[in-house]
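Peer 1: would you be able to build a 3D model of this:
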Amino acid sequence: MIDQFKVELAQKIEQKSVAVAILFDSQGRILWHAGRKISGKTLESGRGFSKSLVEKALRDGGVLRSDEEVITLSNAAFPQSASLFYVKSLFILPIEPGFLLYVDSGNDCFSEEDITFFHHHAATLQKIVADIKHCQSETGGIAGQSVIMESIRNQVIRYAVEADPILLMGETGTGKSHIAQLIHHFSGRPGQFIIFDSPAVPETIFESELFGHSKGAFTSADRDRCGLVESANQGTLFFDEISEVPLPVQAKLLRFIETQRYRPLGENRERFADVRIIAASNRQLDEEIIQKRFRQDLFYRLNVLPITIPPLRQRPEDIQALVLEYRHFLRGIELKPSFWQSMHSYNWPGNVRELLNVLKRIGIQHDQPELGHEVSQYFAQASPNAPSNGLNATALVTSLQDQINSGESFWDTAWQAFLDRHLNRDQLRAFLTRFTTDKMSLKDFSKILHIKDHEYARFISVLHKYDIHPSPLLNKMNKASSAARE
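Peer 2: Numbers count the residues shown, from 1 in each chain. Okay, the predicted model is just below:
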């Protein structure tokens, strides 16, 4: 894995058998380097390595070979640029497709052991590149043949070798969480991939969930508890919907990202954790900054390595590729030309996630050997809460209200929209307020939302835990909670 390669390479640099290692892409961009100080971010602007030999390797298709073997040059054959750095030997190896590993030596020429090391890890890097480019999953992964998806796959490769924060931007259902998992997996970090589901955590316990607490830190803290930061030590902490992090916690998160130090609630001593941060948002964070809901300095610190995932409607050329990639969901159903016309004319508000749900639903429900334009009947069923991500939010809320008024349950409508990120906490709370009056009891409120009697306790718990209780009923709920405790 990349992380192991970086650790072992650091040892060789410390032993002075390696002076510098650089990973280039096919465009001559410097993706990562270790060892001797270099300057510049591209081959053209870079200084501190043999540019002419890298140029030759890239010009020849990323190959620098002699008799079918990757060559190690003696310093007598080096161009003047290399001799300025007292390079004794040099190694350039292509990592297909489209990457190049450059390594030059310190005090001594490379040994056979060094050459074996480079070959071994270059092969590992090559496998990682191939895996990323072909990696799919039942959440859509990073599948697709469009230019933008090819670019995103390359970004995943480049960012996997780095340690800086990553910010994933894109609508609900575009695959942000899967991309975060891929980056963690291919980075080789030995720790866990931990998801912080920001919208699902009430503001009152947010800091405790993140950093942990000691016994007695607050009224209900009856024992020590580690936070997700500690659980993610030496791994990756993924903030799903970073815009939902409360402002007071954003300041502490910023400090942790900058120092890797944090303090659990109730403790006086700071702790250290080696955690890589990946954050995702389906909102426009620049607008959140203007509205004073998100810290500008935190945005800049997270936005070091950005990836923007476009909605499916902006890359229609990927629709056919995705259907064919996941055609096994269709269980052998033959697709007519009108099927493709309908698929391309639909707006896909739920993006790749919705498309895969549609394919699964077709495979289960469609009982004919062929399928054409009638595929459109599966769209609304697969995405009852669309549109998502704030698109036509008024229409979404109206649709949800109509569903409840027609007898559908809160769990199948508004709650599912919240879990699917179509509504945030504030929007769900405002939606529920539509069904309340000052004189209404909690029981009456639950009946209006078609909550069954045996689900009532769960419903009240959800309102409290997720802080989504409509304000007119807040006092009643608090009184009910106090009475239950007594």
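
Peer 1: who's in contact with residue 401?
Peer 2: Shown in contact with residue 401 (Cβ atoms under 8 Å, 6 or more residues apart in numbering): 431, 434. Any C-beta I mention is one placed from the backbone N, CA and C, and that applies to glycine too.

Peer 1: the one 10 residues further on now?
Peer 2: When contacts are counted by Cβ under 8 Å, 6+ apart, residue 411 is found next to 451, 455.

Peer 1: same check on the one 4 residues further on?
Peer 2: Contacts for residue 415 were tallied using Cβ under 8 Å, 6+ apart; they are residue 462.

Peer 1: mind doing that once more with 7 Å?
Peer 2: Counting by Cβ atoms under 7 Å, 6 or more residues apart in numbering, residue 415 touches no other residue.

Peer 1: how much space separates it from residue 458?
Peer 2: Separation of residue 415 from residue 458 (Cβ to Cβ, to the nearest Å): 11 Å.

Peer 1: ditto for residue 120
Peer 2: 54 Å.

Peer 1: one more: residue 363?
Peer 2: Relative to residue 458, residue 363 is positioned 32 Å away (Cβ to Cβ).

Peer 1: looking at those two, which one has more neighbours?
Peer 2: Ranked by neighbour count (other Cβ atoms under 10 Å), residue 363 and residue 458 place residue 363 first, with 16 against 12.

Peer 1: quick check, residue 310 in contact with residue 147.
Peer 2: No. Counting by Cβ atoms under 7 Å, residue 310 sits too far from residue 147 to count as a contact (10.7 Å).

Peer 1: between these two, who's got more neighbours?
Peer 2: Shown here are residue 310 and residue 147; by other Cβ under 10 Å, residue 310 has more neighbours (18 against 10).

Peer 1: element containing that one?
Peer 2: According to DSSP states H and E, residue 310 maps onto no helix or strand at all.

Peer 1: likewise residue 415?
Peer 2: Assigned by DSSP H and E, residue 415 falls in helix 414-419.

Peer 1: tell me the mean pLDDT over that helix?
Peer 2: The pLDDT scores in helix 414-419 average 83.

Peer 1: do the same with stretch 278-293
Peer 2: Here stretch 278-293 scores 91 as its mean pLDDT.

Peer 1: what comes up buried for that stretch?
Peer 2: Residues 278-283, 285, 288-289, 293 are the ones in stretch 278-293 that count as buried (16 or more other Cβ atoms under 10 Å).

Peer 1: most widely separated two among those residues?
Peer 2: Farthest apart among the buried residues of stretch 278-293 by Cβ to Cβ are 278 and 293. That separation is 20.7 Å.

Peer 1: wait, isn't residue 224 in contact with residue 215?
Peer 2: Yes. Residue 224 is within contact range of residue 215, at 5.2 Å (criterion: Cβ under 7 Å).

Peer 1: so those two - more neighbours on which side?
Peer 2: For the pair residue 224 and residue 215, the greater number of neighbours falls to residue 224 (14 against 10), based on other Cβ under 10 Å.

Peer 1: mind checking the SS state of the residue nearest the centre of the chain?
Peer 2: Centroid-nearest residue in the chain, with Cα atoms, centre = their mean: residue 180, separated by 3.0 Å. Here residue 180 is recorded as helix under DSSP: H, G, I helix; E, B strand; the rest coil.

Peer 1: state the distance from it to residue 357.
Peer 2: Distance, residue 180 to residue 357, by Cβ to Cβ: 21 Å.

Peer 1: what about the helices in the stretch 251-400 of the chain?
Peer 2: 285-290, 296-302, 317-325, 337-345, 351-365, 379-382, 393-405 (DSSP state H, counting those that start in this stretch).

Peer 1: which one of these is the most hemmed in?
Peer 2: Mean neighbours per residue, mean count of other Cβ atoms under 10 Å, is largest over the helices of the stretch 251-400 of the chain for helix 351-365, with a mean of 20.

Peer 1: average pLDDT for it?
Peer 2: Mean predicted lDDT for helix 351-365 stands at 89.

Peer 1: and that helix, what does it pack onto?
Peer 2: If contacts are counted by 3 or more Cβ pairs under 7 Å, 6 or more residues apart in numbering; DSSP states H and E, helix 351-365 sits against helix 317-325, helix 379-382.

Peer 1: repeat that for 6 Å
Peer 2: helix 379-382 (3 or more Cβ pairs under 6 Å, 6 or more residues apart in numbering; DSSP states H and E).

Peer 1: do you know the pLDDT at residue 169?
Peer 2: pLDDT, read off for residue 169, is 95.

Peer 1: what's the spacing between the nearest residue to it once chain neighbours are set aside and residue 296?
Peer 2: Excluding the flanking residues, the one nearest residue 169 by Cβ to Cβ, 6 or more residues apart in numbering is residue 308, at 4.6 Å. Counting by Cβ to Cβ, the separation of residue 308 from residue 296 is 19 Å.

Peer 1: where does pLDDT dip in the stretch 1-150 of the chain?
Peer 2: Along the stretch 1-150 of the chain, the parts satisfying pLDDT under 70 run over 1-4, 60-88, 96-98, 106-107, 128-141, 143.
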